[in-house]
Each structure stands twice: as C-alpha cells, then as structure tokens.
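Asks: model this:
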Amino acid sequence: MSDTKVLLNPAAIKRIGRLELRARHIVDGFLSGMHRSPYFGQSVEFRQHRQYVPGDDLRNVDWKVWAKQDRLYIKQYEEDANLRCTLLVDVSASMSYGSGPLSKYEYAASAAAALAYLLLKQQDAVSCVTFADAIRARVPSRTRRTHLDAVVAALAEQSPNEKTSLFDVLRDVAEHDPRRGMVVLLSDLFVERDGLFKGLGQLRQRGHDVLVLHVLDDDELDFTFTGPTRFEELEGAAVLNCNPRALREGYMEALGGYLTEIRRGCSRGAVDYRQVRTSEPLDAALAAFLASRANRRRPA
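Replies: Now for the predicted structure:
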C-alpha cells in the first residue's frame, strides 16, 4: 500500500473510540484489567474451594475450614485479566480487488488498524498476523500505545498476492499461543470451506473467542456488470469473456449458497460473523458489530 494514512482515519477513530471491545468468552492475559481470566490467583473475588494436594502452597489453605472439618482445602480466586487479541488479515491476491475508493485489503487493513487502536486504548494486548498461502508477517503481542505503529507498518508494507490457504494459518495461530484470547479474522473467505471451518474449530477448541469480518466488494455482492466483460481470476490463470447479464442469475444463486454456507458454518462453530461491504463506512460497520457483541449476553 502506498499511503498508510488510509489505515487510521481520524474521524472514524473518534467515532468508534468510546466503544469497548469485550470478549464474550472467558479470556486470559497477563495484566490486571476488565476481562475475566480462567486462571486462579490472588484476586479479590473468591471462586471456590478444592481439596488440598501435596505441593499446594500452604498460604492458600483455608484454615477456617480446616478448623471446622479437620480437612485441608485450597481457596481459589478468579482474577481479572486484560484481553489478548490477534488480528488475522488476509493479503492474498483476491483481496486486491476494489471497485470503490478502497480495495478489500485496504478496507480490511483499515479495520484492523482501528481495532488495534481501540484495544490498545483499553490497555489490551494486540498482535497482528498477515497471511496468504502462509503467514507473511507476525507482529508480537504488546499493550503499549506506541505498538500501534508496528501494527500499522506491518499492514502498510503488504501487497496482496498468492492464493489463500486458511487451514494451515489458523492451525499455526491456534498452536502459537496456548493462552486463550480473542482472534479476529478479516478476509474475503475465498477459500476451501472445509479447511476454513476446521481451522476456526481448532481456535474455538483452544478456548479462543473468534470473530470473522467477511469483507466483500459491491461488485461481488451485486454483480451489476453490463456489456461484454472480461473476467480474470486473481488467484489463478482463468479468463472468461462473456455477457455478464446471461450469468447473473446463476451467479447470484451460487453467491447466496456460498454466503449461507459461511454463516451457518460460523454459527455451528460458535464464531461471531459479520459481512461487510467495502462501500460501508468503516466506523459504522465496526460500531454495529461491536455493539451487537456488547448487547449479547456472555455465556457462563
């Protein structure tokens, strides 16, 4: 990308900056904060007792229970922890397409930068991974506000190319950090669906809260082409010269089936999903998505 300013539009940042991004699922972290951790530690909120086993720290023994029952029990506490979020941004060749001011990649990168800004403002930890057929770049997890520069720089230096291969990427991310957190995938999802859902499932099995922002161009969703048109495959060598009006009905039917498959697959896997158009104002798209999560009851 030649201009990094598009990644952080000040007006959009101002409008979404007051929103809080909270995980619905239990997350962990390494600092005190607003998010619940699945680990137990010396926090102010008591959770439960468990029976003492050799090797436990005697400082955690509940001596009052021992005095009453003559048995040793350990006090367990629930600690607060900051969110750890990984932003996964697709830089495959198909993301280079754009019929408006922003290509799909520029839109996804802008959304990722805005989310990074919001998370760092909350003192949460953010990492960023760009990928196509494999991981291209990995920005480590940090909480400092200045870390935004590293995230934006990593996004700005990418040029979409190569095919998308999501399963290996998602598996790598799932195995890279065993601690639970949030994973946000920004992609057009032009991938083999079995691998996509299997990869998302691995992230969920590791306890991650997974969000998918499905970025598509108006041309792809509306197919309003008229007159003789030459279609070129971005992630292959196929070329098609045709009258698009003759193809529109079949295309829209296939598109509907594809989108239904994506939505149902994410729903089955307990993955939050939102489709966004590159013509949709970025701040409005993110605000609607985050508001829907904030209003949703967190599962026990």
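Asks: can you count the residues close to Thr141?
Replies: Actually, residue 141 is Ser rather than Thr. Ser141 has 19 neighbouring residues, counting by other Cβ atoms under 10 Å. For the C-beta atoms, the positions are set from N, CA and C on the backbone; glycine is no exception.
Asks: which one is it nearest to, not counting chain neighbours?
Replies: Among residues not flanking Ser141 along the chain, Ser127 sits closest, at 4.0 Å (Cβ to Cβ, 6 or more residues apart in numbering).
Asks: just the element for that neighbour, please.
Replies: Ser127 belongs to strand 125-131 when assigned by DSSP states H and E.
Asks: pull up the pairing partners for that strand, direction included.
Replies: Each strand paired with strand 125-131, and its direction, by DSSP bridges: strand 84-90 (parallel), strand 135-142 (antiparallel).
Asks: nearest approach to Ala113 belongs to which of those?
Replies: Closest approach to Ala113 among these (Cβ to Cβ): strand 84-90, 8.9 Å.
Asks: what about Asp177, neighbour count?
Replies: Asp177, neighbours per other Cβ under 10 Å, totals 16.
Asks: ok, now Tyr251?
Replies: With neighbours defined by other Cβ under 10 Å, the count for Tyr251 comes to 14.
Asks: just to revisit the earlier point, make CSV from the strands paired with strand 125-131 and add mean pLDDT and distance to Asn60 to it.
Replies: Shown next, in CSV, are these (pLDDT from 0 to 100; distance: least, Cβ to Cβ, whole Å):
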stretch, mean pLDDT, distance to Asn60
strand 84-90, 95, 26
strand 135-142, 94, 29
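Asks: on that earlier part again, wait, the residue nearest to Ser141 touches Cys85, no?
Replies: Yes - contact criterion Cβ atoms under 8 Å: Ser127 and Cys85 qualify, at 7.4 Å.
Asks: coming back round to it: got a markdown table for the strands paired with strand 125-131, with distance to Thr164 too?
Replies: Shown next, in a markdown table, are the strands paired with strand 125-131 (distance: least, Cβ to Cβ, whole Å):
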| stretch | distance to Thr164 |
| --- | --- |
| strand 84-90 | 6 |
| strand 135-142 | 12 |
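Asks: buried deepest among those strands, which one?
Replies: strand 84-90 (a mean of 26; mean count of other Cβ atoms under 10 Å).
Asks: quick one: contacts for Val215?
Replies: Asp90, Met95, Lys104, Tyr107, Ala108, Ala111, Leu186, Ser187, Asp188, Val276, Thr278 (Cβ atoms under 8 Å, 6 or more residues apart in numbering).
Asks: buried set for stretch 202-212?
Replies: For stretch 202-212, a neighbour-count test (16 or more other Cβ atoms under 10 Å) marks Gln202, Leu203, Arg204, Arg206, Gly207, His208, Asp209, Val210, Leu211, Val212 as buried.
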